[in-house]
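> Dropping the sequence and predicted coords here.
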Amino acid sequence: MPTPSHEGSNRLSLKPVRQFINSVFVPICVFVISLGSFSEAFILVDDFKTLVISKFSNAYEYETLSQIHVGNTRSYIENLLGAPAATKNIATDLTVNYYTHEKYLVSGYYRGDRITAYTVVALSEGFAPPLSWYDDVSLNGQALANFSNQPQSYSFDNAKTNRFFIEMTPNELSGFFQNAYLGTLQYGNSDINLSDLDALYQADVYGSEQQTLQKIEQYRAATLPNFYGLGELDIEILQQGILSNGEFLSYFNN
């Protein structure tokens, strides 16, 4: 699957930008100014800047996601991402809120008012945020095995409605006790590598531990991630907040 570099995904193509300016933006500004609404025209310029960045690159979205941190308050996250589109209680003291964007899905895990973990799923083609704790390598810039040699734990499933592979690695670069999550989900911008996932699942159910470990290595070496996150939760708890394919389609595929 072609994976544009982080620099390439941020570079503006001048021709579509000029077309957009001449055909849409300029006529609107001329009309607003003709009505004497100069302040509204300045607001339009600011909104236009954001629109262009978002339409022709992913820089605006990358910047937004970089401002999410473990320990943020619920109001801070909603100020940044808007109100959640859905919510799920996975424990008496743990709630997951789901924030949607055409390019990504953010899942925020809250204990009280504090975010204790978050994950991001890339939904649109070419959307690959740089991961600072992996030397700013883009999300789908390389196979899972190249991000980390020895993850602490794995979780995977191959059910029709819930196919995924995720792994957890302690994130020493954060300066706090946090885990880094990485993997591939069935939905979003992903080639989940179903043949290798099925082989892994069969080895786990019917084979030996050694066979399972071999299939894990095989899967990690051949699969690009579309899912990442940081948090204080173990992978078993984090998994409970991952939407199944059916839930994702039911909530967000409108």
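Received, thanks. What you see is a predicted model, and the numbers here were worked out from it, not measured in a lab.
> how many neighbours does D136 have?
D136 has 11 neighbours, counted by other C-beta atoms under 10 Å. (Glycine included, C-beta is placed from N, CA and C.)
> if I read this right, it contacts P129, doesn't it?
No - contact criterion C-beta atoms under 8 Å: D136 and P129 do not qualify, at 9.6 Å.
> Can you show me the helices along the stretch 101-250 of the chain?
144-147, 194-206, 209-222, 235-240, 245-252 (DSSP state H, counting those that start in this stretch).
> Mean neighbour count, those helices: which tops it?
helix 144-147 (a mean of 18; mean count of other C-beta atoms under 10 Å).
> who does that one touch, helix- and strand-wise?
Applying 3 or more C-beta pairs under 8 Å, 6 or more residues apart in numbering; DSSP states H and E, we find helix 144-147 packed against strand 162-170, strand 179-185, helix 209-222.
> Run through who's touching the longest one.
Contact with helix 209-222 is made by 143-145, 154, 165, 167, 193, 196-197, 199-200, 203-204, 207, as judged by C-beta atoms under 8 Å, 6 or more residues apart in numbering.
> Likewise for stretch 62-73?
10, 77, 80-81, 104, 106, 108, 113-118, 120, 129-130, 132, 174, 176, 178, 230-232.
> Quick one: distance of it to the chain centre.
Chain-centre distance of stretch 62-73: 12 Å, with C-alpha atoms, centre = their mean, to the nearest Å.
> switch to numbering from 37
I'll keep to 37 as the first residue from here, and by that count the last item is stretch 98-109.
> Looking at pLDDT only, which of the contacts of helix 245-258 scores worst?
Minimum pLDDT for those is recorded at N229 (90).
> That residue: what's it in contact with?
Neighbouring residues of N229 by C-beta under 8 Å, 6+ apart: T220, Y255, A258, T259.
> Dump the residues you listed into JSON lines; add distance to S102 and pLDDT as well.
Output for the contacts of N229, formatted as JSON lines (distance: C-beta to C-beta, whole Å; pLDDT from 0 to 100):
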{"residue": "T220", "distance to S102": "22", "pLDDT": "95"}
{"residue": "Y255", "distance to S102": "29", "pLDDT": "96"}
{"residue": "A258", "distance to S102": "29", "pLDDT": "94"}
{"residue": "T259", "distance to S102": "25", "pLDDT": "95"}
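> what's the most distant pair in those residues?
Farthest pair in the contacts of N229 (C-beta to C-beta) is T220 and A258. Separation: 10.7 Å.
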